[in-house]
Structure formats: C-alpha cells, structure tokens
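Asker: Let me see the structure of the following:
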Amino acid sequence: ATSGPPENVAFVLKNLEISRFFDVTVDDSMVIEGKPDPRIFLEASRLLGLPPGNCVVLEDSVHGLEAAGRAGMKAICINHTGPESVRQLALACLNDFTGLKAGKIKEFINGKQK
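Answerer: Numbers count the residues shown, from 1 in each chain. Below is the predicted model:
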C-alpha cells in the first residue's frame, strides 16, 4: 500500500524486477482519503484476505505510521526522522531495508528486538 500514484508503483515494480514478491498493490487512486486515514492499509489487508492485526507495515512517514496504527496493524519505520511519540508506534525503527528478512520481522513482532 502506497500513497504514490499507480504509475510510480508500476515503474518501481517493473524496474526493480520485484513484482513477483507482491500479491496485491494498493495505490492512492484506490482510496478516497490519504494517510493518516487507515483505509489504504485496510484495503490491502482486505485484498490479501488477512485480518489487519496479522499485517506488518513498512513505513517511512509520520502519517503512514499513524495510519498503520489506526488500521490496527504493526509497523516498522524505515529511515524515519519524525517525533519520538510517532516512532513509539513502531515495532522498530531501521535506517534502511538492509538485512530485513521475515525472521527479523518475526523477532520484532515477538518483542525480541527493538
């Protein structure tokens, strides 16, 4: 789920050759309200057939972290420089995606790392 337009989504997925890793995508054209409204994340969980509480959001914006929390989803902030109060909404805050694998996300969810 991204606040970006569909053209940006298509460009990134194609040029990074990562579309095979995404079962669904939700972009700004698919929701009426933008973040911090949670609808973009709720639409992604609906399309995936998953309850929001079973979803983890990777987010780099204050509004995105707020939206994830309002959707009832866990979040990991990436390269986020916002206020500490917003950072507290996240399971963890990382500088980048380097080394972020499913096992690491599970550790964050289980509270083994912060």
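Asker: Number of residues surrounding the residue nearest to L47 when sequence neighbours are not counted?
Answerer: The shortest distance from L47 to any non-neighbouring residue, by C-beta to C-beta, 6 or more residues apart in numbering, is to V24 (4.2 Å). (Each C-beta comes from the backbone N, C-alpha and C, glycine too.) For V24, the count of nearby residues is 12 (other C-beta atoms under 10 Å).
Asker: what's the answer for E84, then?
Answerer: Neighbours around E84, by other C-beta under 10 Å: 7.
Asker: go on, L65?
Answerer: If we define neighbours as other C-beta under 10 Å, then L65 has 25 of them.
Asker: for N15, same thing?
Answerer: With other C-beta under 10 Å as criterion, N15 counts 8.
Asker: For it, give its distance to D60.
Answerer: 19 Å (C-beta to C-beta, to the nearest Å).
Asker: now do R87
Answerer: Remark: distance between R87 and D60 (C-beta to C-beta) = 12 Å.
Asker: between those two, who's got more neighbours?
Answerer: Set R87 next to D60 and count neighbours by other C-beta under 10 Å: R87 wins out with 16 against 13.
Asker: Dihedrals phi and psi, that one?
Answerer: phi -60, psi -30 (degrees, to the nearest 10).
Asker: So, low pLDDT: which residues of the protein?
Answerer: 80-81, 112-114 (pLDDT under 70).
Asker: so what's the residue positioned nearest the centre of it closest to, chain neighbours aside?
Answerer: Using C-alpha atoms, centre = their mean, the residue of the chain that lies closest to the mean C-alpha position is V57, 2.7 Å off. Ranked by C-beta to C-beta, 6+ apart and with sequence neighbours excluded, the top spatial neighbour of V57 is A68, at 4.0 Å.
Asker: Pull the number of nearby residues for T2.
Answerer: 17.
Asker: Next: the one 4 residues further on.
Answerer: P6: 14 surrounding residues under other C-beta under 10 Å.
Asker: Contact partners for it?
Answerer: Residues near P6 by C-beta atoms under 8 Å, 6 or more residues apart in numbering: 27-29.
Asker: redo that, cut-off 6 Å
Answerer: 27, 29 (C-beta atoms under 6 Å, 6 or more residues apart in numbering).
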